[in-house]
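Q: The following comprises the amino acid sequence and a computationally predicted model.
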Amino acid sequence: MSSKTEHSETWLDRIGIPHSIRWGFLGVLIFMTGNGVDSNIIAPHMQHVLDGAGAELVPTILAMYSLAALIASYLSGALADLFGPRKVMLWGFLIWAVFEALFLGALQTGSVTLVFATYFLRGFGFPFFAFAFLVWINAVVPIQRNGTAVGWFYVMFTGGFPTLGALFAAGTIPLFGGGSEGEALAMWASIGLVTLGFLIVWFGVRDSAGYGRLAPAEESAGEVVFSGLRLSLRNPQVLMGFLVRLINTAPEFGMFVIMPAVISDDLGWGQSRWLLMTSIIYASNILLNAVFGAIGDRWGWTRTVRWFGVVGSALGLLAWWYVSHWVPAGSDWGYIVSVLAGMCFGMLLAGFVPLGAILPALTPTHKGAAMAMYTTAAGGATFLGTAVVALVQPWGGNVGVVWAFVALYAVSFVMTWWLDPDQSGQTHPPSIPRTE
């Protein structure tokens, strides 16, 4: 492994992708593509397989999966600080691959208990893999490019989940014969994608910052694991940043629950067009993740989050829901207009990207703890999104769910006024020596 000096900067470094961990971004893209294969089909698939009383428990199974992702998201940051990001990424891959195979086997048995247990445990996989790499990024990148680097991470994260994952599902389900069997085989194939993503990271990334402990040597394991919680209690800005990030993508995951049936069945566009709609909407988000990261680095991280992220996403969500219902159901031109409205939501979600730079900047001497809270919120958004559906849908219907998410965005708008990070880089500690 050869040393990299500050003066051997490459074009990747200049656009915000640290050269020494460049293959990690590709690995995350492919891993998250595999993770996203079932994102738009899992709810109806389980309801079909677990027919009867078991089908009624599907929202609960999805909510508990999201809870697992929430717990793992916190632990990913804390454990990466304690053992190094590379080792945590290995754990994430093993958990995902093993329990995905067991989950698919459990579906064949029709056992609700086995399906619940295996899918819950699989929920620990992707946060360990993806968010440990985000900690690695923050250990390597200069603060002046932090927002842009986080933006590129989300280009890869959302590029795979759900965008390319949904496209993979749309292409492979008909190839495997369609219907429930085609869906099951597509999910089996997703294990291959996840494995490929892991191998790219494992053999392609050699930066020394990810190989060992990042936390201060004098802190005990318990102190490192619980440092994020202590930090949130002591620093109100970190707590506010955590809550804003928690709300950030909750509507995205909530819409994954309610929109498949709405678009496919209620509005008559079918499953293939729903999968295509999802791919287009979140493809529009991909490159704008990097764009809004760069905008935040120049215009201000908090200002970008407040106006593009919070306000923009709330308006985009309302546009997606109402435009889809205002146009003639099943019509070709109505479908196109609905996709365009959904793209407004997808693009403006990227306005939240600078939050990944804000939290560590709020407490530069405890970046690992701050990132633990950030990754917890990112994973917790899955739980919050599905939980809102489970709580609101029975009495408010789908439209009530949409307005509940808009109300959460209004709360996060107020919270952004407490976020005041230092973007000057003056408090940034010396960079960790790294090798390629």
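A: Received, thanks. Numbering: from 1, shown residues only.
Q: From here on, just use CA atoms for contacts and neighbour counts.
A: Fine.
Q: Is D51 part of a helix or strand, or is it coil?
A: At D51 the chain is in coil, as set by DSSP: H, G, I helix; E, B strand; the rest coil.
Q: For it, give its distance to S111.
A: Separation of D51 from S111 (Cα to Cα, to the nearest Å) stands at 11 Å.
Q: same thing with L164?
A: 30 Å.
Q: neighbour count winner among these two?
A: Neighbours per residue, other Cα atoms under 10 Å: of L164 and S111, the larger number sits with L164, 26 against 14.
Q: pretty sure that one is in contact with G36, am I right?
A: Yes. L164 is within contact range of G36, at 7.5 Å (criterion: Cα atoms under 8 Å).
Q: G330 - that's part of a helix, no?
A: No. Judged by three-state DSSP, G330 forms no part of a helix; its state is coil.
Q: For it, grab phi and psi.
A: Per-residue torsions, G330: phi 80, psi 0 (degrees, to the nearest 10).
Q: how much space is there between the nearest residue to it once chain neighbours are set aside and L275?
A: Computed as Cα to Cα, 6 or more residues apart in numbering, the closest residue to G330 that is not its neighbour in sequence is G268, at 4.7 Å. Relative to L275, G268 is positioned 13 Å away (criterion: Cα to Cα).
Q: the more surrounded of those two?
A: A direct count of neighbours by other Cα under 10 Å for G268 and L275 places L275 higher, at 25 against 17.
Q: Tell me which helix or strand the more buried one sits in.
A: With secondary structure defined by DSSP states H and E, L275 is part of helix 270-299.
Q: ok, which stretches of the stretch 251-400 of the chain are helices?
A: Shown for the stretch 251-400 of the chain, the helices assigned by DSSP state H, counting those that start in this stretch span residues 270-299, 301-304, 312-326, 332-349, 355-362, 367-415.
Q: Using a markdown table, please lay out these together with distance to F168 and mean pLDDT.
A: Shown next, in a markdown table, are the helices of the stretch 251-400 of the chain (distance: least, Cα to Cα, whole Å; pLDDT from 0 to 100):
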| stretch | distance to F168 | mean pLDDT |
| --- | --- | --- |
| helix 270-299 | 10 | 86 |
| helix 301-304 | 32 | 92 |
| helix 312-326 | 23 | 95 |
| helix 332-349 | 19 | 94 |
| helix 355-362 | 28 | 86 |
| helix 367-415 | 21 | 90 |
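Q: now these as CSV including distance to V88?
A: Conversion of the helices of the stretch 251-400 of the chain to CSV gives the following (distance: least, Cα to Cα, whole Å):
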stretch, distance to V88
helix 270-299, 25
helix 301-304, 29
helix 312-326, 32
helix 332-349, 28
helix 355-362, 19
helix 367-415, 13
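Q: what's the closest of the ones you listed to E183?
A: Among the helices of the stretch 251-400 of the chain, the nearest to E183 by Cα to Cα is helix 270-299 (11.6 Å).
Q: tilt between that closest one and helix 332-349?
A: Interaxial angle of helix 270-299 relative to helix 332-349 (axes from the mean of the first three to the mean of the last three Cα atoms, to 10 degrees): 30 degrees.
Q: Going by neighbour count, list what's buried in helix 270-299.
A: For helix 270-299, burial by neighbour count (16 or more other Cα atoms under 10 Å) applies to 270-297.
Q: again, but for stretch 40-56
A: Neighbour-count burial for stretch 40-56 [16+ other Cα under 10 Å]: 40-47, 49-50, 54-55.
Q: Return the subset of those residues lying in helices.
A: 42-47, 49, 54-55 (DSSP state H).
Q: So which of those residues sits lowest on pLDDT?
A: When these are compared by pLDDT, G54 scores lowest at 80.
Q: Just confirm it contacts Q47, I think it does.
A: Yes. Between G54 and Q47 there is a contact at 7.4 Å, judged by Cα under 8 Å.
Q: Go ahead and produce PDB holding the CA coordinates of stretch 343-355.
A: What follows is stretch 343-355, C-alpha atoms only, in PDB (Å, rounded to 0.1, in the frame of the first residue of the first chain):
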ATOM      1  CA  MET A 343     -40.000  13.500  -9.400                       C
ATOM      2  CA  CYS A 344     -40.500  16.800  -7.500                       C
ATOM      3  CA  PHE A 345     -40.600  14.900  -4.300                       C
ATOM      4  CA  GLY A 346     -37.600  12.700  -5.200                       C
ATOM      5  CA  MET A 347     -35.400  15.600  -6.300                       C
ATOM      6  CA  LEU A 348     -36.100  17.700  -3.300                       C
ATOM      7  CA  LEU A 349     -35.400  14.900  -0.800                       C
ATOM      8  CA  ALA A 350     -31.800  15.500  -1.800                       C
ATOM      9  CA  GLY A 351     -32.000  18.900   0.000                       C
ATOM     10  CA  PHE A 352     -31.500  17.000   3.200                       C
ATOM     11  CA  VAL A 353     -28.000  15.700   2.200                       C
ATOM     12  CA  PRO A 354     -26.000  18.400   4.200                       C
ATOM     13  CA  LEU A 355     -27.400  16.900   7.500                       C
END
